[in-house]
Structure formats: structure tokens, C-alpha cells
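> next one to model:
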Amino acid sequence: MKKHIPYLDGWRGLAIVCLLVGHFFPIKGVNLGSLGVALFFVLSGFLMSRILFIDKVPLPLFYRRRIARILPSVAVLLVVVSLVYLVAGRDLSGYELLTAATFTNNYFLTRDHWTMPIGHIWSLSVEEHAYILLSLLALSCRARKTSGLAALGTTAAIGAAIAVTYWVVFGRNHPPSLWLHTEVAAFGIVVSGFLLLAIGQRGAVLPPWAARFVVPLLVMLGIGAYWWRVVPPATLLIGCGAFALALNLLDRSPGLFRRCLEFRPLRQLGVWSYSLYLWQQPFYMLVRHEGLPAPLGLLYSLAVGILAFYLIENPSRNWLNRVLAPKRTMAASDHAAAADLKPEAGGMQ
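Here you go, the predicted model:
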């Protein structure tokens, strides 16, 4: 990816807005929090697949940049939450800390729920697992000199089949963490990458009469899939599928929706979104369990998240990128810097 694309920051901003509204001012009947995570996932799949399958960034460089972006902020969050719990005399769960720190908590819950404000790292766990999977698929495809279209399509189909199988087998009696497992939750990431390659290879062009309406209609379809009566596999397949297709058609569909995504305040929220996503969770839990007024919870989330971006996320990422990059790969690093449009933010990362 050779240039910065403003509407992608806006898409990320839309995702964090949905998540924050869903947490602090929930709308009955629609799970905006989960919807926001889905928007993050399809963006991560789009960007990571472009980096790995189209730009073919070397894997060591890919991993260095992911580490520099993701780990410092998560580490600081875990340390701060642990210290606050110790000072306040609250029960500190080593189990939850361990599973969050190792990005495995999407498979392990404590008493069917998390007790500490670090449970949202489940979504980062899904993204980390997906990045490893995508990088291995990319490595295989490079060795076989294939585009990756078949590999991503097969992987997405397997994820969809597993989701349907889980519903057939477990129905509404499924284990609490089942739909957080990477094999199903990463569907949006993988299908977005598949659509990127499929649309790019076929050179799809929307008819002029459809260009302004297809993407908004797809987004509305995706939102509708998060209505509370929709069963989980349909939410996953229809919701993430519609969002992934909408995202991949954005560059072919000029119109009001894309101009809204390029609205500067929304784009700025997208720039801050990873830190906002990480640091809103403690205040969300205070609102949900301790009686903190929701407006204050949102205000504190914004203030702390923005401070964390400038004091933790941005400086640590820049420093680690300099430290970890060998001098002989600086040219490649500069190329990747242009490609690295903050893709991970919880993705949310």
C-alpha cells in the first residue's frame, strides 16, 4: 500500500464510535460493541492481506512492526490494572492476567466471564492468531508462486463451516467463549482479505448507477445482522461478509458515505482508536458494575485513551521500529511505514 487513504482512518473511527456507544450508551436490540469489533476485524484483514499478499512485505519486517505497535500498549495496560487492583485491595486474577498476556483469553474464561477489565483483549488475541495464520499462508503462497486467493477463500469457507457446525451442535447452549474462538471469530479478517484479492484480480467496477448506493446498503445489511434476534452464525457470516465487501468496494464507490468517512474528526478518532479501545474497558466496567455515570465513563475513556496514544502507543512504536529495524533493511522499513496505516486496532489495534 503506497499511500495513506483517509477513508480507512474514518472506517476505523466509525468502528471505535460504535464500540464506545455500544458500551456506554447501548441501544436496545443492537449489539454495537460487537459490531464495532467486526468493523475493526474486516479492516485488519484488508490491510494485512494487502501487506502480505500484494506488497509482499518480508515476514521479519511484518512481525517487527506488529510487535512494535501492539505489545507496549497491552503491557502497560496490564501493569497499570494490576497495580490499581493491588493498591485497592481487589482480587487479582493471575489466570486472567496470564491468558491476556499470552493472547489466549478468547479460549479461556473465568467463571463464564472476566472479572478484571482486560477481557476485551480477546479481540486482540483473535487478531494475533489471524496474523500468524495469514503470514504462514502468505509464506506458502510465495513459495508456490500463487496469489493467495484460493488459500484465503478455502480458509474463509472452513471458518464459515465451523461456525455453522457449532450452531448445529450446540445451538443456544454453546459454551460462553465459543464465538470468541479464532476459528470462527477471525472469519471477518480472512474473508476481507479474500475479497481484496478477488476484486483486485477481477478488476470489478461498479456501474455508475450503483456506485453511490451499494456500499451504504451493504453497511446497513451488516448492521441489521447484529439485531439481537439474528442467530450467531448468521450474524458472523452476513454481518462480517457485508462489512468486508463494503470496505473492499469503497474505492470504487464515491459518494456521501465515503465523504463522511473522510470527515476529519472521525479520522482523528481512527488514529486514536487502538489506545481508546484498550483504555475504555476499565471505565466501561466501572459504569456497568460500580455505578459510574455513563457520560463520565465515556469522558474518562476519551481522555485517558488520547493521553495513552501520545504518551505510550505512538512513542513506543516509533522507538521500537527504530531499535528493531536492522540498518540494512531501512529502505524496506521506509516502504512498510507508508503501508502501515494503523491496521490492527481491536483491528482495534
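
> only C-alpha atoms for contact and neighbour calcs from this point on.
Will do.

> count the residues that sit near Leu43.
If you count neighbours by other C-alpha atoms under 10 Å, Leu43 ends up with 32.

> look at Met116 and give its secondary structure.
Here Met116 takes the coil state, with states given by DSSP: H, G, I helix; E, B strand; the rest coil.

> can you tell me which residues contact it?
92-93, 96 (C-alpha atoms under 8 Å, 6 or more residues apart in numbering).

> give me the neighbour count for Phe170.
Neighbours of Phe170 (other C-alpha under 10 Å): 12.

> may I have whichever helix or strand it is part of as CSV, with CA atoms only?
Element membership of Phe170, judged by DSSP states H and E, is helix 149-170. In CSV, the C-alpha atoms belonging to helix 149-170 read as follows (Å, rounded to 0.1, in the frame of the first residue of the first chain):
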residue,chain,number,x,y,z
LEU,A,149,-6.8,-16.2,-3.5
ALA,A,150,-7.5,-19.9,-3.2
ALA,A,151,-5.8,-20.2,0.2
LEU,A,152,-7.8,-17.3,1.7
GLY,A,153,-11.0,-18.5,0.1
THR,A,154,-10.6,-22.0,1.5
THR,A,155,-9.7,-20.7,4.9
ALA,A,156,-12.8,-18.4,5.0
ALA,A,157,-15.0,-21.3,3.9
ILE,A,158,-13.6,-23.5,6.6
GLY,A,159,-14.3,-20.8,9.2
ALA,A,160,-17.9,-20.5,7.9
ALA,A,161,-18.4,-24.2,8.0
ILE,A,162,-17.1,-24.4,11.6
ALA,A,163,-19.5,-21.6,12.7
VAL,A,164,-22.5,-23.4,11.2
THR,A,165,-21.4,-26.7,12.8
TYR,A,166,-21.0,-25.1,16.2
TRP,A,167,-24.6,-23.8,15.9
VAL,A,168,-26.0,-27.1,14.8
VAL,A,169,-24.2,-29.0,17.6
PHE,A,170,-24.5,-26.5,20.5
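
> packing partners for that helix?
Contacts defined by 3 or more C-alpha pairs under 8 Å, 6 or more residues apart in numbering; DSSP states H and E place helix 149-170 against helix 121-144, helix 182-185, helix 187-202, helix 232-234.

> which residues does the longest one contact?
Residues lying outside helix 121-144 but in contact with it, judged by C-alpha under 8 Å, 6+ apart, are 37, 41, 44, 48-49, 52-53, 59, 100, 103-106, 147-148, 151-152, 180-182, 185-186, 189-190, 278, 344, 346-349.

> with that, I have no additional questions.
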